[in-house]
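*Asks:* following is a predicted model, sequence given first.
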Amino acid sequence: MDVAARLGAGSPVVGMVHLPPLPGAPGFEDREVVRERAVADAEALAAGGVDAVLVENFGDAPFYPDDVPDHVITEMTAATRAVREAVDCPVGVNVLRNDAEAALSVAAATGGSFVRVNVHVGARATDQGVIEGRAHETLRLRDRIDADVAVLADVAVKHSAPLSARPVTEQVADAAERGRADGLVVSGPATGSSADADELAAVVGVRDDVDPDVPVLVGSGVTAENAPDLLDVADGAIVGTAFKRDGEVANPVDEDRVRRLVDAL
């Protein structure tokens, strides 16, 4: 699979489209507000120079662990389609907390190019309880519904903890080799927190041994200041908080902040 084509570049910068609360979630206000905000953020990201955007139901906390209701899927489909029609760059989907089946289905239905899966292999303790990876189901579903969609899998995803101590080398090998992920994501401990430089280097080193064609993306805490150093090691970045007005994750995307960070790379 040509992952670079699905992410818009060989060293992609992916901007987050954080959806406000969807219908049924605490804090939901209005469907049109959700879609208008999604389109506005996506347009600001594209104008600022990102290579791709990733639509995520960020406002839906507390999250369903791994099987969101049908109405969440339909609302995300509508929002993702609106984004796809608004910007001329690849669009991805992440259905929190870990509904890879829903993400693949939304991406396939809307012409999306990739999905992010927080727990693709193994198991993690999270605020939703224990979440188990379903790589065996995800990849078979992709074939079954003929979805030309790349799967980006987190390694030791943020807001989670391991159930038992395992070297990062084993986790990377499991995701890339046994889980057949098309790309890997390394994040810090929480939203907006920078990835650990040593862990990032370790992941890239194992990736080089397992499959050099699998890109490694930094998944949180990327800023204009640390981006050049991080991208000296990693192959790309997924950026959310640093692109928002005043660097606050709940704020709209600030096109000038996007442009400054992209220029820094």
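*Replies:* Cool, got the structure. As the structure is a prediction and not an experimental result, all values here were calculated from the model.
*Asks:* CA only for contacts and neighbour counts going forward, please
*Replies:* Noted.
*Asks:* elements contacting the strand or helix carrying Val106?
*Replies:* Using DSSP states H and E, Val106 falls within helix 100-110. When contacts are defined as 3 or more CA pairs under 8 Å, 6 or more residues apart in numbering; DSSP states H and E, helix 100-110 packs onto helix 70-86, strand 91-94, strand 114-117, helix 135-144.
*Asks:* and the longest one, which residues are buried?
*Replies:* By neighbour count with 16 or more other CA atoms under 10 Å, helix 70-86 contains the buried residues Val72, Ile73, Glu75, Met76, Thr77, Ala78, Ala79, Thr80, Arg81, Ala82, Val83, Arg84.
*Asks:* next one: stretch 214-224
*Replies:* Val214, Pro215, Val216, Leu217, Val218, Gly219, Ser220, Gly221, Val222, Thr223, Ala224.
*Asks:* wait, isn't Lys190 in contact with His159?
*Replies:* Actually, residue 190 is Ala. It isn't Lys. Yes: using CA atoms under 8 Å as the test, Ala190 is close enough to His159 to be in contact (5.3 Å).
*Asks:* the host helix or strand of Val151: what's the following helix or strand?
*Replies:* Take DSSP H and E as the rule and Val151 turns out to sit in strand 150-155. Proceeding N to C from strand 150-155, the next assigned helix or strand is strand 160-162, under DSSP H and E.
*Asks:* the helix or strand following that next one - what's its average pLDDT?
*Replies:* For strand 160-162, the following helix or strand on the C-terminal side (DSSP H and E) is helix 168-173. What helix 168-173 shows for mean pLDDT is 87.
*Asks:* stretch 239-259 too?
*Replies:* 95.
*Asks:* in it, what counts as buried?
*Replies:* In terms of neighbour count (16+ other CA under 10 Å), stretch 239-259 has its buried residues at 239-245, 247, 249-250, 252-259.
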